[in-house]
Every structure is written in C-alpha cells, then in structure tokens.
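Asker: structure here, sequence nowhere to be found:
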C-alpha cells in the first residue's frame, strides 16, 4: 500500500474555513474523511509529497486518513501539525499525529509518543523515526496547519 504524506497551511474568515482551505490545498476537500488509528499495515510505503496529490475516487467517497490539524485565530500565535512514523522491515509500523503552537513542541510530542509505543509493544525493529511537520503563525485571519497521511478511498456503493 502506498501512503502519501502531505501538508498545507490554510486560512479563511473562520477557523473551520481555514481547515477547509487546508483540505483544498491538499486536494482532499471533496472526500468524507475517515480517521484511522495509528497502525500501518504490512507492505506499506510512506512517501512525503511536496506537491498535493488528489486521491483516487469521486466526490463524497470515503477517504481513510491519519491527520493532525491545529487551528488558530489569535494573532502572532503559532499553529503547527505533524505526523510521525516508524516501520519494520516488512513495511508494518506505527503512525502518530500531534499538534501544537511550535514546530519544536510537535517534534518532541511525536518522538515521545513513538518511543513509548515501541517500548510498550516490545517487539521487532521499527527503524528510525520519520516525521513531517508544517505550520506557521496566525497573522490577521484564522489559519489551520494540516498534515495528513492518506491511505485509500472507498465508494459508498
């Protein structure tokens, strides 16, 4: 399975509109997002995309995703979101999502969560921690930092 990791920093007249703008910028705005827990299936390949990739499927389809989002409307306050992951040699692994007011905070949360999850499982070599964090500061209108890992789509039929 190919899992794309991408990010956006949206803005709008409200925090919800900023979230929708971030979805638009990552080309997943016309899907019904189904949030997954943080287990990566065997045989998976995660790839960070610098340009948005529209998933397969049609308007309104289900899109299975792990995502982090931080909304902010206070001027000069940061909004950062990130996902981090580790994988075993067979491609299986763990994926976490965190949000905060600084990139540093999100990095630390990702590291702490993944280290704890690996320790609690006590099985296998998970390899190095990978992460993708994005965001910025609110200026004069609400913003949303958004990072997602898209798995697959499914129709309602």
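Answerer: Okay, I see it. Since we're looking at a predicted model, the values are computed, not measured.
Asker: who's in contact with the nearest residue to residue 40 once chain neighbours are set aside?
Answerer: Distance criterion C-beta to C-beta, 6 or more residues apart in numbering; nearest residue to residue 40, sequence neighbours excluded, is residue 93 at 4.0 Å. Placement of C-beta: from N, CA and C, glycine included. Listed by C-beta atoms under 8 Å, 6 or more residues apart in numbering, the contact set of residue 93 reads 39-40, 44, 85-87, 126.
Asker: do you know how far residue 93 is from residue 45?
Answerer: 11 Å (C-beta to C-beta, to the nearest Å).
Asker: strands of this protein, start to end?
Answerer: With strands called from DSSP state E, the chain shows them at 2-11, 32-35, 39-40, 45-48, 62-72, 78-87, 93-100, 130-137, 143-154.
Asker: of all these, which lies closest to residue 25?
Answerer: strand 2-11 (3.5 Å; C-beta to C-beta).
Asker: give me the contacts around that closest one.
Answerer: For strand 2-11, using C-beta under 8 Å, 6+ apart, the contacting residues are 18-26, 40, 44-49, 52-53, 55, 79, 81, 83, 132-136, 141-151.
Asker: tell me which strands that strand pairs with, and in which orientation.
Answerer: strand 45-48 (parallel), strand 143-154 (antiparallel) (DSSP bridges).
Asker: out of those strands, deepest packed?
Answerer: Most buried of these, by mean neighbour count (mean count of other C-beta atoms under 10 Å): strand 143-154, with a mean of 24.
Asker: that one vs strand 62-72, what angle?
Answerer: Here strand 143-154 runs at an angle of 170 degrees relative to strand 62-72 (axes from the mean of the first three to the mean of the last three C-alpha atoms, to 10 degrees).
Asker: who wins for proximity to residue 113 among the strands of the chain?
Answerer: Nearest of the strands of the chain (C-beta to C-beta): strand 93-100, 4.5 Å.
Asker: mind putting the strands paired with strand 2-11 into CSV with mean pLDDT and distance to residue 32?
Answerer: Below are the strands paired with strand 2-11 laid out as CSV (pLDDT from 0 to 100; distance: least, C-beta to C-beta, whole Å):
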stretch, mean pLDDT, distance to residue 32
strand 45-48, 96, 23
strand 143-154, 97, 10
